[in-house]
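S.K.: show me the folded form of this:
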Amino acid sequence: MSKCMVTPNFTLCKVCAQPANGNHFGIQSCRACAAFFRRAAHSKWGSQPCRSHNCERKLIPCKPCRLKRCQEQGMSTSNFQFNRDILKRILPRSVEMFVGKPESVIFCDSSESVSSEKTFINVQKLIDNTSAILKNGMETPVSGRNQLQKLANGFGGFTSQVSVKFLKTMSKDETADCWEYYITTTARWLTFFDEFRLLPDELQLKIALAVWHVWGRLEKHAITALLRKQNLFSDRHMVVVGRNVLINLEEFDYDHTWLTKYPPEQVEFFTGVKSMELYESVDYLIDLEPTQVELTYMLAQISFQYAGQRFQGEILKASERFQQILSNDLHDYYVNELEKPRYSERLAKMMKVNNMIQRHVREIRPRADLARTFDIFSVEFSHPEVFHDTGF
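M.R.: This is a model prediction of the structure:
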């Protein structure tokens, strides 16, 4: 994500009069106010009176008054970025028009490969970029009452810039862009977690390169559910994948020619591209409608649990510590912010979605073993550990 640049002719946020960084929920606002409204739009603050009785003179008023000011200025959840990011239903004519050809994933022709029958995929540059992201830390400062809230605010910076494009076909370049997007975005998100930043650099990188695909799977399900909830589309076969790419699972074509010598109908079992698990979890997320804090907790829980189970040892200990910290923060969120001390039923529903994704990952493993046994895929990765449990 690019950093927000404030020019001499900047626009002021209509809520707090600080420099705005774009159109959020229908008005020009700063990212902080947009994140606040996203959390508070359907919260208890809409029915609460002023808490300070002096908010008219404050730049940042109390939460009830801040929410009221957002609404008075025209913020509405029905305006979820639709005025800012137009849904494009035109099929791009080239990858360059789509998102630009990925620069961090290098495909080598078979004639140049270490194997005459395989395409060599070099992801060293992508790993180097991910390492740099982790070492550099947060691109923009983010604050929060605790570490879960800080992670949620950081995640809000990504989702506030949703721009969906419709695609009818996917090939190796679009697939590589998905890898690049989810790996780097997961790494950026992790930089907002202070406790994670205390780990040695090599462990940070190892975890980021391991969890990106489970983090990304939940994230794309959540974005799909959000857009369907906003009535952007009603067809349950329409889903968001990768860099906010919208596809119809029943109609889109996946070009397997770079991946395998077998026809699509024979490798669908191994790739799982059109998995029914996606439908199930999206439908469940639509009914659940998690808040940004809840979704952030779900992303963290599925990521750190996966990392701990996969690596054991020092990473398992760190992952368990992270989950305990974030569980305590979630408890604080329910009890002190939402005033809902009885939240076990809702937490169980959140974990049910995560369990769906974890079940799918477990189902992929034996398929991947079969694919390797029968030499289904004609690709070879420079760092195969990055694609462990992804199906490739």
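S.K.: which secondary element of this protein has the worst mean pLDDT?
M.R.: Confidence across the helices and strands of the chain bottoms out at helix 95-98, with a mean of 34, counting by mean pLDDT, DSSP states H and E.
S.K.: show me where the protein has helices.
M.R.: 31-40, 63-72, 95-98, 124-136, 147-159, 172-190, 194-197, 201-229, 264-271, 276-288, 292-311, 313-332, 344-373 (DSSP state H).
S.K.: elements contacting the last one?
M.R.: The helices and strands touching helix 344-373, judged by 3 or more C-beta pairs under 8 Å, 6 or more residues apart in numbering; DSSP states H and E, are helix 201-229, helix 264-271, helix 276-288, helix 292-311. For glycine as for every other residue, the C-beta is placed from the backbone atoms N, C-alpha and C.
S.K.: now mean pLDDT and distance to residue 381 too, for these, in TSV please.
M.R.: Below are those laid out as TSV (pLDDT from 0 to 100; distance: least, C-beta to C-beta, whole Å):
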stretch	mean pLDDT	distance to residue 381
helix 201-229	93	12
helix 264-271	75	16
helix 276-288	84	24
helix 292-311	97	17
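S.K.: same list (those helices) but as TSV, adding distance to residue 251.
M.R.: Formatted as TSV, the entries for these read as follows, by distance: least, C-beta to C-beta, whole Å:
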stretch	distance to residue 251
helix 201-229	16
helix 264-271	13
helix 276-288	15
helix 292-311	29
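S.K.: which of those helices sits closest to residue 60?
M.R.: Between residue 60 and the helices and strands packed on helix 344-373, the shortest gap by C-beta to C-beta is with helix 292-311, which sits at 18.9 Å.
S.K.: show me what that closest one is packed against.
M.R.: The contact analysis (3+ C-beta pairs under 8 Å, 6+ apart) places helix 292-311 against helix 31-40, helix 147-159, helix 201-229, helix 313-332, helix 344-373.
S.K.: for residue 55, which of those is the nearest?
M.R.: Across these, the minimum distance to residue 55, taken as C-beta to C-beta, is reached by helix 31-40, at 14.1 Å.
S.K.: sort out which residues of that closest one are buried, please.
M.R.: Buried residues in helix 31-40, counting neighbours by 16 or more other C-beta atoms under 10 Å, are found at 31, 32, 33, 34, 35, 36, 37, 38, 39, 40.
S.K.: any idea which of those residues is least confident?
M.R.: Minimum pLDDT for those is recorded at residue 39 (74).
S.K.: without its sequence neighbours, what residue ends up closest to residue 199?
M.R.: residue 318 (6.1 Å; C-beta to C-beta, 6 or more residues apart in numbering).
S.K.: swap that for residue 51, please
M.R.: For residue 51, ignoring the flanking residues on the chain, the nearest one in space by C-beta to C-beta, 6+ apart is residue 62 at 4.0 Å.
S.K.: neighbours of the one you found, how many?
M.R.: Using other C-beta atoms under 10 Å, residue 62 has 18 other residues around it.
S.K.: so it makes contact with residue 52?
M.R.: Yes. Using C-beta atoms under 8 Å, residue 62 makes contact with residue 52 at a distance of 5.0 Å.
S.K.: and the helices of the chain: which comes nearest residue 386?
M.R.: With respect to residue 386, and counting by C-beta to C-beta, the nearest of the helices of the chain is helix 201-229 at 5.0 Å.
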